[in-house]
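J.: heads up, no residue letters with this:
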């Protein structure tokens, strides 16, 4: 990983310095680990950081200057497949998605003619050995929600990991479960290098929420609100995504009295008192999962409260009513 990629990841993901540096050490074009297992609780940055890591890495090493090299040598090209195992109900689906990811930017006719024959581990090995375009490429398979692989076949995980040695492919699994909960018991299996993503501490949460501060709002004022909200809900809301959702919903209500002339920015206690009814409403609906992550991303209010009073007034009820109670 270059310094530019390293700096970009640290900037985008505060509080994950240790994990980013471990990824830098374990995943390189020259010598990647054959099997890396990443686990941690939900909302600890596992999936987003690994996905972003490979996006930046792929962009750099598949740049035009790299692709136009006169001769291909080992490690001169780079392919990765990022697969969500929740969507893979069979081995065939998994392997075909891997191949499509590897060839999404190419027009290899040899691939198109044999893709439909890939249904098993053995087929996948044969396909890789028959495609010249893959000969010198560094290849990665990233499997998110890897615990779902257990439902495909009791022996599938050991068979899948054999691919790493046969084809020189690095396999990276991401899961909320520790490796001991996934490791097959009936047969031997290669042991991974494990990378654990810890829960965020309060200072790390504050640093992350700093990125969500509306452009036209004072950062110190916003972070004072975030700090107080964290102390209020830290026992009942330990998930970072849920906490960011609460902040995005409640901050517009918190700052609204400032623009209506009911309080100044220095009257913190009064602002929280005026916002208290919305605190209760939001946390109740969050616990009932009436506000989905999709609705948060698509409808949350990140701009200043002074921009749209009507939307602010209806924000919590509007989002929750469209979400239903199926979460």
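T.: Received the coordinates, thanks. Since we're looking at a predicted model, the values are computed, not measured. Residues are numbered from 1 along each chain as shown.

J.: Just the buried residues of stretch 256-267, please?
T.: The neighbour-count check on stretch 256-267 (16 or more other Cβ atoms under 10 Å) flags 256, 257, 258, 263 as buried. For glycine as for every other residue, the C-beta is placed from the backbone atoms N, C-alpha and C.

J.: Quick check: of these, which lies closest to residue 220?
T.: residue 258 (14.0 Å; Cβ to Cβ).

J.: so what's that closest one scoring on pLDDT?
T.: The confidence metric pLDDT takes the value 90 at residue 258.

J.: Kindly report the same for the one 5 residues further on.
T.: With respect to pLDDT, residue 263 has a value of 89.

J.: Does it belong to a helix, a strand or coil?
T.: For residue 263, the assignment made with DSSP: H, G, I helix; E, B strand; the rest coil gives coil.

J.: Need phi/psi at it.
T.: Phi and psi for residue 263, reported as degrees, to the nearest 10, are phi -160, psi 160.

J.: what's the answer for residue 37, then?
T.: Main-chain torsions, residue 37, degrees, to the nearest 10: phi -120, psi 120.

J.: Which positions within stretch 96-105 qualify as buried?
T.: Taking 16+ other Cβ under 10 Å as the criterion, stretch 96-105 shows 96, 97, 98, 99, 101, 102, 103 as buried.

J.: Mind picking the one among those that's closest to residue 7?
T.: For the buried residues of stretch 96-105, the residue nearest residue 7 by Cβ to Cβ is residue 101; the value is 26.8 Å.

J.: is it true that the closest one touches residue 80?
T.: Yes. Using Cβ atoms under 8 Å, residue 101 is in contact with residue 80, at 7.2 Å.

J.: Switch the buried residues of stretch 96-105 over to CSV; also include distance to residue 27, pLDDT and secondary structure.
T.: Output for the buried residues of stretch 96-105, formatted as CSV (distance: Cβ to Cβ, whole Å; pLDDT from 0 to 100; DSSP: H, G, I helix; E, B strand; the rest coil):
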residue, distance to residue 27, pLDDT, secondary structure
96, 24, 87, helix
97, 21, 90, helix
98, 17, 90, helix
99, 21, 86, helix
101, 17, 86, helix
102, 17, 82, helix
103, 21, 77, coil
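
J.: so how many other residues sit close to residue 241?
T.: Using other Cβ atoms under 10 Å, residue 241 has 13 neighbouring residues.

J.: That one and residue 206, how far apart?
T.: 16 Å (Cβ to Cβ, to the nearest Å).

J.: before we move on, what about residue 81?
T.: 35 Å.

J.: more crowded one of these two?
T.: Neighbours per residue (other Cβ under 10 Å) separate residue 81 from residue 206, with residue 81 holding more: 21 against 16.

J.: helix/strand/coil for the more buried one?
T.: At residue 81 the chain is in strand, as set by three-state DSSP.

J.: quick one: pLDDT of it?
T.: With respect to pLDDT, residue 81 scores 92.

J.: Tell me who's in contact with the residue found closest to it once you drop the neighbours it is linked to in the chain.
T.: If the residues on either side of it in the chain are set aside, residue 81 comes closest to residue 101, at 3.5 Å by Cβ to Cβ, 6 or more residues apart in numbering. Contact analysis of residue 101 by Cβ atoms under 8 Å, 6 or more residues apart in numbering lists 79, 80, 81, 82, 83.

J.: Out of those, flag the one nearest to residue 52.
T.: So of the contacts of residue 101, ranked by how close each gets to residue 52 (Cβ to Cβ), first place is residue 82, at 10.4 Å.
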